[in-house]
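1. Pasting a predicted model and its sequence here:
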Amino acid sequence: MARSSAPGFLIAFAVLIAALLLAFTVGRYPAGLGDLFALIAAKLTGGTAHVAPAAVDVLLQVRGPRVVAAVLVGAALAVAGTAFQGLFRNPLVSPDLLGASSGAALGAVLGIYFSLGVFAIEACAFAGGLAAVGAVYLIGSVMRARDPILVLVLTGVVIGALLGSAVGLVKYVADPYNQLPAITFWLLGSLAAITASDLLPLFGPIALGALVLVALRWRMNVMSLPDEEARALGVPTTALRVAIIAAATLVTSASVAAAGIIGWVGLVVPHIARTLVGPDFARLLPTAALLGGGFLLAIDTLARTVTATEIPLGILTAFLGTPFFIWLLAGMSKTWS
Amino acid sequence: MAQAATATDDAGRTITIPDKVAHVFAAGPPASILIYTFAPELLLGWTRRPAAKSCEFLGPGACDKPDVGRLTGRGNTTNLEVLLKLKPDLILDVGTINATYISLANRVQEQTGIPYALLDGRFAAVAATYRKLGELTHRQSVAETFASYADKTITTIKGRADKIAPDQRPGVYYARGPRGLETGLGGSINVETIEFLGARNVAGGQRGGMATVSVEQVLTWNPDVIITIEPDFAAAVRNEPVWAPIKAVQTGRIYLSPTLPFGWVDFPPSVNRLIGLWWLAKALYPDQFPEDLRPITRDFYQRFYHFDLTDAQIARVLSGQH
């Protein structure tokens, strides 16, 4: 069983490469993979590429940053989902379980309500995600319950619902003509507005969170055991739990701040990764990252090419993710039971 | 006992109106603006009171009227008991007329016993809408001054715009949203006046409402003119390398629409778009519309918003900053 991981990892890698090639090939502007290769070749050899300057701009300033962002966000959500599913020992958990998405949504919606600039809106979303999970964790740990995980999950659900209502309240009082459409579009998730300057604030937190998770990969395996057993093995479960939640939240909040609410990736991709390489986190995390990046990139490529107008990512992931998830459930019940 | 008369609204419904109409309840923002321009004393309250920055450009007392909420449309926020307590002689809604709005009107009318009229909110119908409003409130002569102003404005502008050769008509991208990537598709209310003037809406290939588009798509469309309501976007787009290849950016044809006290291009979709028609025509066809907008703006604000603008205020309105 453990030996079978190499092909799984290669499949995930191939998915990402295929998605990358496709993403650079197609688009609403006539510029493609050939132009990109010509450009790279020219950079390497020091020659001049025979590519229209407008096509260069599209590839490097528009499509390029968007492709990178799609891979980053997809990988981030998948990694966070994998970590949460392991930590909470529950296959139905997604990275927004502890309120990261709803907190980020409230932050962004408030930013739009107060007519802030784009970066300020994204910063509000990021801070909202962190604050929501922080609050959930604090409330959850104040209750000295017998089952800390259960209390944490329940608190997350309740706070998430509260934040959802707060978003509803802001939508209710927002200017129906100018702010409400912007809020609606933001909540549906999109990478249409990504520019090169968004990549650094996106990459920083994701890299930091992912590094922490990768460093903890061996201990995360132990965390999938019941608390008492993990503690008997000498693992500081509480500290470890804080570290995993913090890392996953950092990653999720940065993704949601840049791309809006995109469901399903964090829920479905970890399952696919698990069927490919098994439950060992050392292999699961990188596989999930590759698959998540490839999956969201493919979805985003669809979103920006099918029609002249964008299809919201949140809608596409749900429409494609739901049937896939049901199909997966049918064949996968054995993996988790 | 008041002698009641009957009238037909724009949905073809026959309603009975009292012989004296002193208070009208506006069911939504377009109706409240229409009634305010027509006769401020008729308006019972705003669907949503204008923001302070807008109140500066309305007549005295305009913003003292209460918030009364929305009776139809995106979520009903009016309390029917409050509605009854305000004792309107007439309820008025201006906008799209379809089965949903007709059934809502019938329901509220039955429930409250107050006549409920639906008026056509299409931009081209604005003069007819004033005349109908005059008939419903027994103020035909006042209505005629508004209607003839609207008629004259529209025929003057449309007459000149219609003569422009098709190849002289610019491709227009209407930018909304913080990053300017939300736009109105063909036939949407957002671009109604832009399309009315015969400009080519670059997003018009697809019909519908508002949608998000990618920068890549805007580059492909390569519009000659960008019209926007977002001051931040209008400032940023000139220095954004990604947008630089677009014709409108290279020729500097980026126009920030005035929005005070109410938007000049799309929202709310009421008579506020009438002054915007001059502005749009000038932006789209500068050669055919050499007029100075300042006296036109002053005149419009006097007639419709019951407010005398100072020169500084005119400059502020026209700058589009808010």
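-> Everything's here; your move.
2. Let me know the secondary structure of A:Ala258.
-> When states are read from DSSP: H, G, I helix; E, B strand; the rest coil, the local structure at A:Ala258 comes out as helix.
3. swap in the one 3 residues further on?
-> Assigned state for A:Ile261: coil (three-state reduction, three-state DSSP).
4. Wait, it touches A:Phe185, no?
-> No. Under the criterion of Cβ atoms under 8 Å, A:Ile261 is not in contact with A:Phe185, lying 11.0 Å apart. Every residue, glycine included, has its C-beta placed from N, CA and C.
5. how far away is B:Ile87 from B:Gly113?
-> Check again: residue B:87 is Lys, not Ile. Between B:Lys87 and B:Gly113 the distance is 11 Å, computed by Cβ to Cβ, to the nearest Å.
6. Which one's more surrounded, the two?
-> Taking other Cβ atoms under 10 Å in any protein chain shown, B:Lys87 and B:Gly113 do not tie; B:Lys87 has more neighbours (11 against 8).
7. residues touching that one, list them.
-> Contact criterion Cβ atoms under 8 Å, 6 or more residues apart in numbering or on different chains gives B:His23 as the residues in contact with B:Lys87.
8. who in chain A is up against chain B?
-> By Cβ under 8 Å from any Cβ of the partner chain, the residues of chain A that approach chain B are A:27-30, A:53-54, A:57-58, A:61-63, A:66, A:112, A:117-118, A:121, A:172, A:176-178, A:180-182, A:185, A:190, A:192-193, A:195, A:304, A:307-310, A:312.
9. Now a PyMOL select for only the buried ones of those.
-> The buried residues among the residues of chain A next to chain B can be selected in PyMOL (16 or more other Cβ atoms under 10 Å in any protein chain shown) with this line:
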select buried, chain A and resi 27+28+29+54+57+58+61+62+63+66+112+118+121+176+177+178+180+181+182+185+190+192+193+195+304+308+309+310+312
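10. List the buried residues for the longest helix seen in chain B?
-> With DSSP state H setting the assignment, residue counts place helix B:140-162 as the longest helix in chain B. Residues of helix B:140-162 classed as buried by neighbour count (16+ other Cβ under 10 Å): B:143, B:146-147, B:149-151, B:153-154, B:157-158, B:161.
11. what's the helix or strand following it packed up against?
-> With elements assigned by DSSP states H and E, the helix or strand that comes after helix B:140-162 is strand B:171-175. Using 3 or more Cβ pairs under 8 Å, 6 or more residues apart in numbering or on different chains; DSSP states H and E as the contact definition, the elements that strand B:171-175 packs against are strand B:182-184, strand B:200-201, helix B:215-221, strand B:225-228.
12. contact partners of the helix or strand that comes right after the last one?
-> What it means is strand B:225-228. Beyond strand B:225-228 in the direction of the C-terminus, DSSP H and E gives the next helix or strand as helix B:231-237. If you take Cβ under 8 Å, 6+ apart as the criterion, helix B:231-237 is touched by A:117-118, B:175, B:177-180, B:226, B:228, B:243, B:249, B:254-256, B:320-322.
13. Alpha carbons of helix B:231-237, as CSV, please.
-> As requested, C-alpha coordinates have been extracted for helix B:231-237 and formatted as CSV (Å, rounded to 0.1, in the frame of the first residue of the first chain):
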residue,chain,number,x,y,z
PRO,B,231,-12.9,57.7,-9.2
ASP,B,232,-10.2,55.3,-7.9
PHE,B,233,-10.3,53.3,-11.1
ALA,B,234,-10.4,56.3,-13.3
ALA,B,235,-7.2,57.6,-11.6
ALA,B,236,-5.4,54.2,-11.5
VAL,B,237,-6.2,53.0,-15.0
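14. ok now it, how far from the chain's centre?
-> The offset between the C-alpha centroid of helix B:231-237 and the centroid of the whole chain comes to 23 Å, using Cα atoms, centre = their mean, to the nearest Å.
15. how about that helix: buried residues?
-> For helix B:231-237, the neighbour count (16+ other Cβ under 10 Å) marks B:231, B:233-234, B:236-237 as buried.
16. Now do B:Glu41, the pLDDT please.
-> Model confidence at B:Glu41, expressed as pLDDT, equals 95.
17. Who's the closest spatial neighbour of it, skipping the chain neighbours?
-> Beyond its immediate neighbours in the sequence, the residue positioned closest to B:Glu41 (Cβ to Cβ, 6 or more residues apart in numbering or on different chains) is B:Ala22, lying 7.9 Å away.
18. Could you do A:Thr305 as well?
-> By the measure of Cβ to Cβ, 6+ apart, the closest residue to A:Thr305 outside its immediate chain neighbours is A:Val26, 5.1 Å from it.
19. where does the one you found land on pLDDT?
-> Value listed for A:Val26 in the pLDDT field: 88.
20. quick one: it and A:Thr301, what's the gap?
-> Distance from A:Val26 to A:Thr301, counting by Cβ to Cβ: 6 Å.
21. These two: which is more packed in?
-> Legend: neighbour count by other Cβ under 10 Å for A:Val26 and A:Thr301, higher for A:Thr301 (22 against 14).
22. so what's that one up against?
-> The neighbourhood of A:Thr301, defined by Cβ under 8 Å, 6+ apart, consists of A:19, A:22-23, A:26, A:70.
23. circling back: return the residues in contact with the residue nearest to B:Glu41.
-> The contact partners of B:Ala22, by Cβ under 8 Å, 6+ apart, come to B:41-42, B:89.
24. can you check B:Arg303 too?
-> The neighbours of B:Arg303, taking Cβ under 8 Å, 6+ apart as the test, are B:37, B:145-146, B:149.
25. Could you export those residues as TSV, including distance to A:Gly204 and pLDDT?
-> Converted to TSV, those look like this (distance: Cβ to Cβ, whole Å; pLDDT from 0 to 100):
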residue	distance to A:Gly204	pLDDT
B:Thr37	52	96
B:Thr145	62	96
B:Phe146	58	97
B:Tyr149	58	97
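26. contact partners of the longest helix of chain B?
-> B:37-39, B:124, B:126-128, B:130-131, B:133-135, B:196-198, B:271, B:274, B:277-278, B:281, B:284-285, B:288-289, B:303-304.
27. For the residue lying farthest from the centre of chain A, what are phi and psi?
-> With distances taken as Cα atoms, centre = their mean, the residue sitting farthest from the centre of chain A turns out to be A:Gly47, at 38.6 Å. The phi and psi values for A:Gly47, taken as degrees, to the nearest 10, are phi -90, psi -170.
28. quick one: it from A:Ile40, how far?
-> For A:Gly47, the distance to A:Ile40 equals 11 Å [Cβ to Cβ].
29. for A:Pro323, same thing?
-> The spacing between A:Pro323 and A:Ile40, counted by Cβ to Cβ, is 38 Å.
30. what helices or strands is the host helix or strand of A:Ala246 leaning on?
-> Under the criterion DSSP H and E, the helix or strand holding A:Ala246 is helix A:237-259. Using 3+ Cβ pairs under 8 Å, 6+ apart as the contact test, the elements touching helix A:237-259 are helix A:64-87, helix A:100-113, helix A:118-142, helix A:196-215, helix A:217-223, helix A:227-232.
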